[in-house]
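[1] below are the sequence and a predicted model; questions follow.
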Amino acid sequence: MALKGKKRTAPAASAPSKKRKLQANSKPRTGTTQSKKGKERAADRGYIEVPGNHGDADTEDSDLSEEDAGLLEEFGDRAGFLNTLDRKGISTSKKETERLKQLNKPVRKPKVDDDLPSIDSHDEDEEAWSSGIDDDADTISQSSVNNSDQDLSSEDDLDSDAEMSYERIPRKVQESREAKTDRHIQGLPIKSADGRIHSTGMKTAAPPSSDEEGNDTDESAEEQEMPVEVNKIDDVATGARFGRPAVIDIVGNKSRKARIQGAKDQIASICQEIIAEPENSLGLLRRLHTFSLDKITSPSHPEPVLNNIIIRKLATLSQLAVFKDIIPGYRIRALTDKERAEKVSQMVARTREWEQGFVIVYQNYLRSLEAELKAKSELAEVALKCICTLATEVTHFNFRTNLITCIVARLSKKSWDEASDLCMNTLISIFRQDQTGTPSLEAVQLLNRMIKERHFNVHPEVLTCLLHLRLKTELCDVRASDSKVDKNIQSKGKAAARRAKGKPTEQPHLSKKARKVLKERKEIEREMRDAEAEVDKEERANTHTETLKLLFVLYFRILKHPRPTPLLPAALRGISKFAHLINIDFFKDLMQVLKDLILRDAPGENASDDSEPFVVDANTDIQHRLLCIVTAFELLSGQGEALNIDLTDFVNHLYAIILPVSISMQVDAPPPSAFVSKFGNSKQASIADMLFRALNIVFSPRSTGNTAIHWRSAAFGKRLLIASLNWPPSSALRALEFVESLVAKDPKLEALLSTEDRRFDGVYLPGVDDPQLCHPFGTSFWELSLLQQHHYDSRVRDAAHSLSNYTRS
């Protein structure tokens, strides 16, 4: 009853159902006694059972189909190997496999870089530590004992990365005493000319290690290394390159025929490759130049080997042909510091590198040619031909002045030979092909300097080339001034004063802005002309003007020389040709010089003792006097007409020279010339040509006006007929034709054709050299009857008969 009176205590409030589930799940698991809820993942298990294998061997697989069962019955014997498989190894999971692998993996010792004893070593004596064989044996035995268990445990694992015990021992190489003393590296083998590979026998010394330097200080002091010859490699210019044997091997061949043939083959192949790709052939150019050297050396063969003269000629001429083909059409200049510092593209940099290297190779070639020419060796003739060819073909390229200098120096000799003809033809070609005028100016400067230094003792044919200058055609529109030496150009101040007075001027008024625009426009036009590579006419005219000044300075210096020189005829011909370009202020002085040359005494009398006298014969003296007369008439036939200069003295000299010409045996023969020109118009005029040229100028309508002086015409006609009695038929015919033209111009000369008596004051004086004082009308042309009746040439007889029967129509 008492129990009934007591109330039962209420049970503890339980948590919600969801919370109770979480608390139940959060309890720690106690291994196999704790129940697992759900299915465990296969990857977390150590072993995964083979499906269908529950440990009962007699249990049949219910999932096996009839078809599979038939296959097993048919091929059951062949599938017996499946029973020998390791079922436990097959059922091991991936996680368990990795765990076993890490468990059995050997521990690798860190690599020791130094040779100090280990930290575990308790030996305080440093000298006791050694790296000998006994220590190695102890290490091997100790390590084998320590790792015996691990090796046994992993012996069955065939797939592990376990290392053997001897592989875990640090390897220490013991160097013998011979290896310490002999530290030389064997050189690489080389390939000979015949294709065989053999050892060079060269050894290169290797630097000793730091250990040897520390341990063998005493030995190194006693035994020093012997000097070893370093293998010297030949460069591309001399060594065996590009599948070709070395140059020195070819030149040093004992057989002369094989030596020349080998050089021919290699030179031909080198030239072919250079022409095919010039931009990448600087090494081949240097190699080709090596064949032209007198003595050839190389780094591997320091002793010089003499070269054959035939090989040198072939190489020199081959270089000439190659340079003619690959030389660019522009001049290569040196780069400035600013251009070197600036960044350019790879293509521009390669082009600049090739240009600078090509100029150096070309310069070396020209230096070798100049050396052969100065030494007068066996290659001097070939070198001169190469220089002349380059001066003609590549006049625009670098070192043009050097080429012309060699040519002019060759012409400084007083003798004349075939080489002189070659040099003269080269200069003439340069003058005729010159488009800018600069090469002609350089050549004239060098000739002027050479003749001055030689004191005019050069061959007279040297000045013949100056007649081929293009001054007469290029400066045809630029005539010399009629009043002043310099061109009359109005100054800015005078032009402004004329504009202020309202008068027209050549220079229009331009504002500051307009002048600036004009200057910029001219600069742009100049750059455009440079880009188009056109020749500036104004610049060319200035260059030709400078050339003309130097030319006349040379000619005037020859004319005013105190004693006659062999250069006088060439100077007179040049003045006669370029007379229209001479300034009018020089005319009076020039005419006086010509008069002095005509009246000069026989040469050689006033010659100094230190120079050879220039001997002049009668024919040469006549030629000089005729040239002076022709030059004087040529000067006054052009712009000299504006001057009031009396030419009576020159006319009298011309009249007086006719009789000496009549007894000359070479009146029709041109003067002898040693120069053989390849241009057709280099033949000099004969005495008869110069005489009739002067007569035509004297009696031309420009000189005499509309009315000719009758006594002068009669005197010249009479003397020409007297001279025609001794002249050959060609000169006699020209004389008869000229007299007939005089009769046709002046009717008063018809009286001389008649032999009837007539009255005239005075008697004809044939010995007087003044046409005005000889009284020509006191005689008749009786020479015509002699020529008509007794001359051996029928043409002369017919011409004399025609003139004697002349009737005016």
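    Structure's in. What do you need?
[2] which stretches of the stretch 501-650 of the chain form helices?
    Chain-ordered helices for the stretch 501-650 of the chain, with DSSP state H, counting those that start in this stretch as the definition, fall at 512-532, 537-559, 568-577, 587-598, 618-637, 648-662.
[3] where among those helices is the average confidence lowest?
    Per-stretch mean pLDDT for these is lowest at helix 512-532 (a mean of 80).
[4] by contact count, what packs against that one?
    In this structure, helix 512-532 packs against no helix or strand, with contacts taken as 3 or more CB pairs under 8 Å, 6 or more residues apart in numbering; DSSP states H and E. In short, each C-beta sits where N, CA and C put it, glycine included.
[5] any buried residues in that helix, and which?
    When neighbours are counted by 16 or more other CB atoms under 10 Å, no buried residue of helix 512-532 is found.
[6] quick one, strands of this protein?
    Ranges of strands within the chain are 184-186, 190-191, 197-198, 203-205, 295-296, 305-306, based on DSSP state E.
[7] so which of these gets nearest residue 332?
    With CB to CB, the closest approach to residue 332 among the strands of the chain belongs to strand 295-296: 28.6 Å.
[8] return the mean pLDDT over that closest one, rounded to an integer.
    If you average the per-residue pLDDT over strand 295-296, you get 88.
[9] start at 6, not 1
    I'll keep to 6 as the first residue from here, and by that count the last item is strand 300-301.
[10] what's stretch 748-764 in contact with?
    Counting contacts by CB atoms under 8 Å, 6 or more residues apart in numbering, the residues outside stretch 748-764 that touch it are 704, 713, 715, 718-719, 722-723, 747, 781-782, 784-787, 789, 808-809, 811, 813.
[11] and for stretch 443-455?
    Stretch 443-455 has contacts (CB under 8 Å, 6+ apart) with 400, 405-406, 409-410, 413-414, 416-417, 432, 435-436, 439, 463, 467-468, 471, 474-475, 548-549, 551-552, 555-556, 558-559.
[12] using PDB, write out every CA atom in it.
    Extracted C-alpha coordinates of stretch 443-455, given in PDB (Å, rounded to 0.1, in the frame of the first residue of the first chain):
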ATOM      1  CA  THR A 443      84.100  62.900-112.400                       C
ATOM      2  CA  PRO A 444      86.400  60.100-113.800                       C
ATOM      3  CA  SER A 445      87.500  62.500-116.500                       C
ATOM      4  CA  LEU A 446      88.300  65.200-114.000                       C
ATOM      5  CA  GLU A 447      90.400  62.700-111.900                       C
ATOM      6  CA  ALA A 448      92.300  61.500-115.000                       C
ATOM      7  CA  VAL A 449      93.100  65.000-116.100                       C
ATOM      8  CA  GLN A 450      94.300  66.000-112.600                       C
ATOM      9  CA  LEU A 451      96.600  63.000-112.500                       C
ATOM     10  CA  LEU A 452      98.000  63.600-116.000                       C
ATOM     11  CA  ASN A 453      98.600  67.300-115.200                       C
ATOM     12  CA  ARG A 454     100.500  66.400-112.100                       C
ATOM     13  CA  MET A 455     102.500  63.700-113.800                       C
END
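[13] and residue 769, what are its phi and psi?
    For residue 769, the backbone dihedrals (degrees, to the nearest 10) come out as phi -70, psi 130.
[14] and the longest helix seen in the chain, what does it pack against?
    In terms of residue count, the longest helix belonging to the chain (DSSP state H) is helix 351-380. Of the remaining helices and strands, those touching helix 351-380 by 3+ CB pairs under 8 Å, 6+ apart are helix 287-295, helix 314-331, helix 385-398, helix 405-415.
[15] how does it look with 6 Å?
    Secondary structure elements in contact with helix 351-380, counted by 3 or more CB pairs under 6 Å, 6 or more residues apart in numbering; DSSP states H and E, are helix 385-398.
[16] where does the prediction get shaky in the stretch 606-755 of the chain?
    Under the criterion pLDDT under 70, the flagged ranges of the stretch 606-755 of the chain are 606-621, 643-648, 685-688, 706-713.
[17] what about 80?
    606-624, 641-651, 676-689, 705-713 (pLDDT under 80).
[18] grab the nearest non-local neighbour of residue 671.
    If the residues on either side of it in the chain are set aside, residue 671 comes closest to residue 624, at 5.8 Å by CB to CB, 6 or more residues apart in numbering.
[19] burial count for the one you found?
    17 (other CB atoms under 10 Å).
[20] of the helices of the stretch 506-655 of the chain, which is nearest residue 259?
    Shortest distance between residue 259 and the helices of the stretch 506-655 of the chain, using CB to CB, is found for helix 573-582: 55.7 Å.
[21] what angle separates that closest one from helix 623-642?
    Helix 573-582 runs at 20 degrees relative to helix 623-642, counting by axes from the mean of the first three to the mean of the last three CA atoms, to 10 degrees.
[22] what's helix 573-582 packed up against?
    In this structure, helix 573-582 makes packing contacts with helix 542-564, helix 623-642, judged by 3+ CB pairs under 6 Å, 6+ apart.
[23] out of these, which is the most enclosed?
    helix 623-642 (a mean of 21; mean count of other CB atoms under 10 Å).
[24] one step back: drop anything exposed from the contacts of stretch 748-764.
    Buried residues within the contacts of stretch 748-764, counting neighbours by 16+ other CB under 10 Å: 704, 713, 715, 718-719, 722-723, 747, 781-782, 784-786, 789, 808-809.
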